[in-house]
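Peer 1: Would you be able to build a 3D model of this:
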Amino acid sequence: MASSKEYLNFVLEQLSDLKEITYKAMMGEYIIYYRGKIVGGIYDNRLLVKTVRSAVTLMPAAPFELPYNGAKEMLLVDNIDNKEFLNELFNAMYDELPEPKKKK
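Peer 2: Next up, the predicted model:
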């Protein structure tokens, strides 16, 4: 099932206080970038983030879910109505995220 543009727009609005939030459409889903690094994505109308230490610490009860078959597990963010929490989460995760791969 593809994610809806409405859900994407809602998540982007929740993240609007952060600078440099971008996204890329990918086969009906959306990859979310923060300051050039992949934080996670929207898969089947679910916001999933990478499983870095700070995300696990901020969301200790968050379930691990697969964005799609064959992918690595990610953390489900179920508190998307809380803009302040999302800002804190993305800022906390940033330093732990891998640098973007250099294009050849």
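Peer 1: so what's the residue most central in space within the chain up against?
Peer 2: Centroid-nearest residue in the chain: Gly40, 3.1 Å away (criterion: CA atoms, centre = their mean). For Gly40, the contacting residues are Ile31, Ile32, Leu47, Leu48, Val49, Lys50, Met74, Leu75, Val77, by CB atoms under 8 Å, 6 or more residues apart in numbering. Backbone N, C-alpha and C define where each C-beta goes, glycine included.
Peer 1: tally of neighbours for Ala25?
Peer 2: Other residues near Ala25 come to 13 when the count uses other CB atoms under 10 Å.
Peer 1: Which secondary structure element is home to it?
Peer 2: Using DSSP states H and E, Ala25 maps to strand 21-26.
Peer 1: Could you list the paired strands of the next helix or strand after that strand along with their orientation?
Peer 2: Toward the C-terminus, strand 21-26 is succeeded by strand 29-34 as the next helix or strand (DSSP H and E). Strand 29-34 has the following sheet partners, assigned by DSSP bridges: strand 21-26 (antiparallel), strand 37-43 (antiparallel).
Peer 1: Please convert those strands to CSV, extending it with mean pLDDT and distance to Glu65.
Peer 2: Formatted as CSV, these follow (pLDDT from 0 to 100; distance: least, CB to CB, whole Å):
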stretch, mean pLDDT, distance to Glu65
strand 21-26, 96, 17
strand 37-43, 97, 8
